[in-house]
Structures are given as structure tokens and as C-alpha cells.
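Trainee: What follows is a predicted protein model with its sequence.
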Amino acid sequence: MRESAGRVVVAIGRGASADLPNAVRHAALEGGREADVRLLGGRDDLEAHLADVEVLYGSLRADQVPRAARLRWVHAGSAGVDHLPLAELAAAGITLTNAKGLHDDAMAEHALALLLALVRHIPEAVRGQDRRAWRRYEPDALAGSRLGILGYGAIGRAVALRARAFVGEIWAVHAHPRPDPLVARTFGPARDELLTFLAGCAHMVAVLPSTPRTRGLLDAEALAALPRGARLINIGRGSLIVEEALDAALRSGHLGGAGLDCPPRDPLPPDSPLWTAPGVLITPHVGGLRPGTAARGMTLFAANLVRYCRGDPLENRVDLAAGY
């Protein structure tokens, strides 16, 4: 894994915890090496260090990979890695790790917050409060309904663990279906199984990464398979959803609402029709955030750096071919 037993040059991208450089130095020493820490203000700052960097906490462009002759390991501070040049990293034999597990609790809570807000018509109540208008309405309920979770990894299971207190049963789609006590029925990723899954779910939470297989998965046909009045919550990558199809399904009344922490275009531009589509609740990609996230990310990276410097296998390795 490591290139040599000498000093390891670690570049840290913008947005990392202010305490990370010291944590990096301590972790490297614990692993038996000294660390030369380079703080980067942005992606362009990496250019001056490309020839030296062995470990990168952050991101880089595809054209930079061939010029990073000593680079052996890239750590992404997020669970999603679709912003990185995966094919180029694979060709260069560079290991990629991510922050899997760091955001599970917060994202699960956010998904349920969006779903409960839509089912109980909270956005309408807030708008009425803004107008000082007392107008009663009849909310819907989750009790006894079936919730579908599209993408049953660690975050999907965290959603299921919390959702079981609200819903009747849970269905899930997993790339490699296996029994789970929280899930009444599990489906594989094949298109016919997906459509059967969607047709049986009163509401659905999507927690998928962005890969060639998932992009555009929720198109007009898929959204039409959901029962009329279903709510769609997306805390996975926005590329899963075809924007025009979602807008049409909402405006026709087929879908009862959509909670989007990750909209089809992220960030969602002002010209998107989804801003005014009925029943839409939008949050600006904050589902994984909570107090202490940066510190926990630092701890995860530092623990992996100890392993790296010792030559041990790294945790949270990304399958570069699969994209997650």
C-alpha cells in the first residue's frame, strides 16, 4: 500500500477540520512515518503539489491524475464519489476511500423529517402561519402504510430502523438482495423488479449513489409505477431522477409530493420548474450534516492514515468499477 517508509506528503483540501493537520501528523507518527502536511485553498492549489503528494484528502480532476506520480490514496470527505475521476484513478492504481458511515444517522433523520412533513402537510401549515391564517385541514398518516427504500445500504438500513416505528412494513431494493429482519420483502436491481417494488409502495425513500446504472432510473415509467398520491423522498444523488418526469408527475397529481435534499440538478437553479411544483419540499443538500461532522470525518481519516502508514488494508475502500 505505501510507497516507502519515509515521510508521507499529505494534501488536505478546503473545508476540512482546522484540527486535521495536527491529527494527520499524530496519525502518521503512530503508523511509523512523519507527515508533511500541505493545506490547499482549492482544487487549483493542488497543482503546485501534484509531483509530491502521496495522500490526498479532497478531490482532483481527471487531467491531474497522470501528473500525480506519487499519489497512492485519495480520501473523499463524502459518501458519494461521483465527483471524482474514478476511471482514471483505477487506471493509475490509486486507492479511493470515502466517508461511508459518517452521515447515516443524520441522513436517516432527514429523510423521515421530509416524509413526515409532507404526509402531515407541514409546509402548508407553515405558509398559513406566515399569513397568520388559521385554516384547518386533514393530514395523511404513515401508520399501516408500506415504505419502500430504494438503495438498502448502511444509510437505507438506518432509515428502515427509524421508519419501522411509523409504517406498517418496509420493502427494499438492494444490489445484492439478502434477508433483513427490518424488511418484509427485498428486490434486486432488475427493471421488472424495480417496477414491482415501486407499484407496492405507498411512499418511497431513495438512497442511491450516482453510477451509470442509477442515472435516470426514476424516469416517467418508474414514477408512473408508484401508486397515485405516493410521496418520493430523495436523499441519494439527484441524477437518479429525471427532472421533467418528476415535474410532470407532480403537476398531474399522480405523485402526492416530493422531498428533495438532492434534486435532479444540484444545486437546483432558479429556472427549475420544481421550485413551484405542487407538494415539493426542497432542502439544500444538508441531509448528512450535523454538529461535529467535521471532527468525526477527521477521526475517520486519521484512523485510516495510521493503517496506511503501517501498510495495512484501508477501511471504506470504494469499488472504482461499481462507483460506490
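Mentor: Received the coordinates, thanks.

Trainee: what are the ranges of the helices in this protein?
Mentor: 20-30, 86-91, 104-119, 122-130, 154-163, 191-199, 220-225, 243-251, 293-310 (DSSP state H).

Trainee: Out of these, which gets nearest to residue 262?
Mentor: Taking CB to CB, helix 104-119 is the member of these nearest to residue 262, at 10.1 Å. From N, CA and C alone the C-beta is placed, and that goes for glycine too.

Trainee: CSV for the helices of the chain, including distance to residue 137, mean pLDDT and mean neighbour count?
Mentor: Formatted as CSV, these follow (distance: least, CB to CB, whole Å; pLDDT from 0 to 100; neighbours: other CB atoms under 10 Å):
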stretch, distance to residue 137, mean pLDDT, mean neighbour count
helix 20-30, 48, 94, 18
helix 86-91, 47, 98, 17
helix 104-119, 12, 98, 21
helix 122-130, 7, 97, 13
helix 154-163, 24, 97, 21
helix 191-199, 28, 98, 16
helix 220-225, 25, 98, 17
helix 243-251, 19, 98, 19
helix 293-310, 36, 93, 20
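
Trainee: Among those, which comes closest to residue 148?
Mentor: Going by CB to CB, the one of the helices of the chain nearest residue 148 is helix 191-199, 5.9 Å.

Trainee: partners of residue 148 in the sheet?
Mentor: Residues in a beta bridge with residue 148, per DSSP bridges, are residue 171, residue 204.

Trainee: show me what contacts it?
Mentor: Applying CB atoms under 8 Å, 6 or more residues apart in numbering to residue 148 gives the contacts 170, 171, 172, 173, 197, 198, 200, 201, 203, 204, 205.

Trainee: Now for residue 256: which residues touch it?
Mentor: Counting by CB under 8 Å, 6+ apart, residue 256 has contacts 118, 140, 228, 229, 230, 231, 279.

Trainee: ok, now how distant is the residue sitting furthest away from the middle of the chain from residue 125?
Mentor: Each residue of the chain has a distance to the centre, and by CA atoms, centre = their mean the biggest one is for residue 134: 38.0 Å. Remark: distance between residue 134 and residue 125 (CB to CB, to the nearest Å) = 10 Å.

Trainee: follow-up on the earlier one: could you measure the residue farthest from the centre of the chain against residue 127, distance?
Mentor: From residue 134 to residue 127 the distance is 13 Å (CB to CB).

Trainee: Report the two of the contacts of residue 256 separated the most.
Mentor: So, the contacts of residue 256 by CB to CB: farthest apart are 118 and 228, at 15.0 Å.

Trainee: Strands of the stretch 1-150 of the chain, residue ranges please.
Mentor: Here the stretch 1-150 of the chain has its strands, by DSSP state E, counting those that start in this stretch, at 8-12, 35-39, 55-57, 73-75, 95-97, 146-150.
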